[in-house]
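A.B. asks: Next come a sequence and a model predicted from it.
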Amino acid sequence: MANEQSDFRTPPARRITAAHPSVAQTLCQRRFSISMFVLLTVIAFCQHETRGQSTRSDSQVARPVAAESFVEEFSSTASNDAGWSRDWVLSRTAPGLRARTSPAELTDFGAEIRGTRERNNPLRRQLSKPFAGAELFVRFLISYDEKSIDKAPQSDGEFFVLWLDSEDGGDTATHSSGVPNIGLHVDSQNRNAFMVRFGPDSSSFATVELTGDRTFLVVSRVAKSSGNELGAFDQIELWVNPSPAEPTLPHAATFSPGRVKAVSWLGFSTGRKTETTDRIIVDDLVVADSWEGLFSLPLNSVSFPKPERVAAKLLNEAAEIPAELRPKRAMPKQPTVSFRRDILPILERSCFKCHQGLNRVWQF
């Protein structure tokens with residue numbers, strides 16, 4: 001009787017496995033297989049989520065169109081991954097040189113440029129494909145040797161620009177008259193100041209003055225007021241040493257009829273004010289289609305100043321200049337909205353069928 005009670009109280013599965021050892025072995029194997037299946041499924045799911053998060057994280061970071069840190073020699077093979085279609089083209093008169101940089105804020109190597117007292121394009125390069133979008137951003141680092149800086153009015157000052165054009169043009173091409181220029185020139189107060197221009201009549205200067213043996217971060221936005229890919233770039237805005245995450249209004253801005261519809265080439269240029277003893281170091285050149293792309297920031301993470309405020313700044317700036325000295329430049333037209341042209345067709349197409357007059361369906 002005791003044995004019968006014992007057998008009755010023992011769970012059925014245990015009684016079966018006790019009576020049939022082969023069944024117990026089979027059950028153990030099945031349990032092990034199920035456990036391993038569950039474990040492998042969990043591991044695979046975690047790996048998939050990790051890869052997905054990594055991919056999403058990478059895709060949310062804006063990337064540049066092209067970049068150059070001058071780590072390698074100018075003659076090194078161009079890489080499409082870096083956004084360039086060919087090597088740097090060097091001037092035969094006074095080519096740019098790869099040199100160890102100073103001061104220490106710059107990277108280990110940069111491009112050293114010297115003048116010729118004439119127009120010269122010592123260093124230029126072609127993008128892997130022309131850029132015809134509505135806006136293009138560019139940044140670079142620049143440092144001037146203090147001993148080589150000429151200051152007006154004691155001397156004629158300095159001139160140095162980065163230009164963006166549709167063609168190379170050769171060693172002595174001016175890249176002016178409708179071509180975006182970003183760099184340095186002598187302002188109305190005889191200072192070597194940072195500026196942007198399409199030509200001498202459209203120059204706009206920042207209040208930031210060049211000082212020697214100091215690294216400056218120069219950032220610019222080149223845009224089309226039409227917003228049309230077939231239009232020409234006719235707006236330039238300039239920042240000097242901006243905060244990448246919190247840009248302010250531009251330190252200088254200009255608007256002028258442009259002739260460049262697609263940027264294919266970028267290059268540095270010197271002029272008559274740039275002497276053979278001048279020593280200019282440029283470094284960390286980056287081209288992007290957004291502000292975030294210049295600094296590898298998350299997409300849409302930066303609040304950018306509105307074009308209307310820049311246009312108002314230009315009006316105020318022009319008002320302070322005597323009429324006879326004002327450059328001839330037209331202001332960009334501000335887009336206007338017409339109810340009959342822009343709004344009414346949307347209402348007729350999407351709203352009036354259900355919400356017009358006494359025949360409204362939804363009672364409001």
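C.D. replies: Sure, I can see it.
A.B. asks: what stretches of this protein score poorly on pLDDT?
C.D. replies: 1-59, 75-81, 101-107, 304-336, 356-364 (pLDDT under 70).
A.B. asks: Over to residue 291: give its phi and psi.
C.D. replies: With angles defined as degrees, to the nearest 10, residue 291 sits at phi -60, psi -40.
A.B. asks: ok but residue 349 is inside a helix, no?
C.D. replies: Yes. Assigned with DSSP: H, G, I helix; E, B strand; the rest coil, residue 349 falls within a helix.
A.B. asks: Now do it against residue 340, distance only.
C.D. replies: The gap separating residue 349 from residue 340 is 14 Å, by C-beta to C-beta, to the nearest Å. C-beta coordinates here come from the backbone N, C-alpha and C atoms, glycine included.
A.B. asks: Also residue 91?
C.D. replies: 57 Å.
A.B. asks: Compare neighbour counts for the two and give me the winner.
C.D. replies: residue 91 (21 against 7; other C-beta atoms under 10 Å).
A.B. asks: That one reaches residue 173, doesn't it?
C.D. replies: No. In this structure, residue 91 is not within contact of residue 173 by C-beta atoms under 8 Å, at 10.6 Å.
A.B. asks: Touching both of these two, which residues are there?
C.D. replies: residue 121 (C-beta atoms under 8 Å, 6 or more residues apart in numbering).
A.B. asks: which residue ranges form the strands in the stretch 201-350 of the chain?
C.D. replies: 204-209, 215-223, 235-240, 252-255, 263-270, 280-288 (DSSP state E, counting those that start in this stretch).
A.B. asks: If you count contacts, what does the second one end up packed against?
C.D. replies: On a contact count with 3 or more C-beta pairs under 8 Å, 6 or more residues apart in numbering; DSSP states H and E, strand 215-223 meets strand 135-144, strand 181-186, strand 192-197, strand 235-240.
A.B. asks: Dump these into CSV; add mean neighbour count as well.
C.D. replies: Below are these laid out as CSV (neighbours: other C-beta atoms under 10 Å):
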stretch, mean neighbour count
strand 135-144, 22
strand 181-186, 24
strand 192-197, 25
strand 235-240, 24
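A.B. asks: For residue 284, which of those is the nearest?
C.D. replies: Closest to residue 284 of the helices and strands packed on strand 215-223, according to C-beta to C-beta: strand 135-144, at 4.8 Å.
A.B. asks: List the neighbouring strands of the closest one plus their orientation.
C.D. replies: Applying DSSP bridges to the sheet, strand 135-144 is found paired with strand 215-223 (antiparallel), strand 280-288 (antiparallel).
A.B. asks: Of all these, which one comes closest to residue 265?
C.D. replies: strand 280-288 (11.2 Å).
A.B. asks: Now do that closest one and strand 181-186, the angle between them.
C.D. replies: 150 degrees (axes from the mean of the first three to the mean of the last three C-alpha atoms, to 10 degrees).
A.B. asks: For strand 280-288, give me every contacting residue.
C.D. replies: Residues outside strand 280-288 that contact it (C-beta under 8 Å, 6+ apart) are 62-70, 83, 99, 101-102, 106-107, 109-114, 127, 131, 136-145, 160, 162, 266, 268, 270, 274, 294.
A.B. asks: on that earlier part again, export the strands paired with strand 135-144 to TSV and tack on distance to residue 303 and mean neighbour count?
C.D. replies: Output for those, formatted as TSV (distance: least, C-beta to C-beta, whole Å; neighbours: other C-beta atoms under 10 Å):
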stretch	distance to residue 303	mean neighbour count
strand 215-223	14	22
strand 280-288	17	22
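A.B. asks: Kindly reformat those strands as a markdown table containing distance to residue 353.
C.D. replies: Formatted as a markdown table, those follow (distance: least, C-beta to C-beta, whole Å):
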| stretch | distance to residue 353 |
| --- | --- |
| strand 215-223 | 40 |
| strand 280-288 | 45 |
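A.B. asks: Reformat the strands of the stretch 201-350 of the chain as JSON lines; add distance to residue 167.
C.D. replies: JSON lines is the format used below for those (distance: least, C-beta to C-beta, whole Å):
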{"stretch": "strand 204-209", "distance to residue 167": "25"}
{"stretch": "strand 215-223", "distance to residue 167": "16"}
{"stretch": "strand 235-240", "distance to residue 167": "19"}
{"stretch": "strand 252-255", "distance to residue 167": "22"}
{"stretch": "strand 263-270", "distance to residue 167": "6"}
{"stretch": "strand 280-288", "distance to residue 167": "17"}
